[in-house]
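# Prediction below, plus the sequence it came from.
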Amino acid sequence: MWHIYVLKSLKDGKFYVGMSENPKRRLLDHNSGMTQSTRSRRPFEIIYEEECGDRKIARKKEKYMKSGAGRKFIKQLNPPL
């Protein structure tokens with residue numbers, strides 16, 4: 001079972017969108033510095049997770065979340081203070 005997830009950096013407030021079969025483990029990877037692209041922005045928290053079924057569907061939803069409409073959706077989930 002594949003999932004998409006949205007992480008929020010507690011350091012800079014920016015978001016990261018990814019997909020994984022195990023989002024909880026991926027969060028640990030991101031927070032431990034094992035993911036080079038997010039290493040300098042740790043720590044992270046999961047603000048959104050969605051079960052997608054198979055990898056193909058997860059990839060389409062991940063691509064949507066990285067689009068303008070998806071970014072708008074993410075910002076509505078987590079409005080600024």
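Perfect, thanks for sending it.
# buried residues in stretch 14-30?
F15, Y16, V17, G18, M19, S20, P23, R26, L27, H30 (16 or more other C-beta atoms under 10 Å). For glycine as for every other residue, the C-beta is placed from the backbone atoms N, C-alpha and C.
# For burial, what's the neighbour tally of the nearest residue to the second one once chain neighbours are set aside?
Okay, so that is Y16. Distance criterion C-beta to C-beta, 6 or more residues apart in numbering; nearest residue to Y16, sequence neighbours excluded, is L7 at 4.4 Å. If you count neighbours by other C-beta atoms under 10 Å, L7 ends up with 25.
# What of K60?
K60 has 13 neighbouring residues, counting by other C-beta under 10 Å.
# in the helix or strand hosting it, what's buried?
With secondary structure defined by DSSP states H and E, K60 is part of helix 55-65. Using 16+ other C-beta under 10 Å as the test for burial, helix 55-65 gives A58, K61, E62, M65.
# The last one against L77, yeah?
No. At 10.6 Å, M65 and L77 do not qualify as touching, with contact defined as C-beta atoms under 8 Å.
# intersection of neighbour lists for the two?
Common neighbours of M65 and L77 (criterion: C-beta atoms under 8 Å, 6 or more residues apart in numbering): V6.
# what is the mean pLDDT for stretch 41-56?
Averaging pLDDT along stretch 41-56 gives 95.
# go on, stretch 14-24?
On average, stretch 14-24 scores 96.
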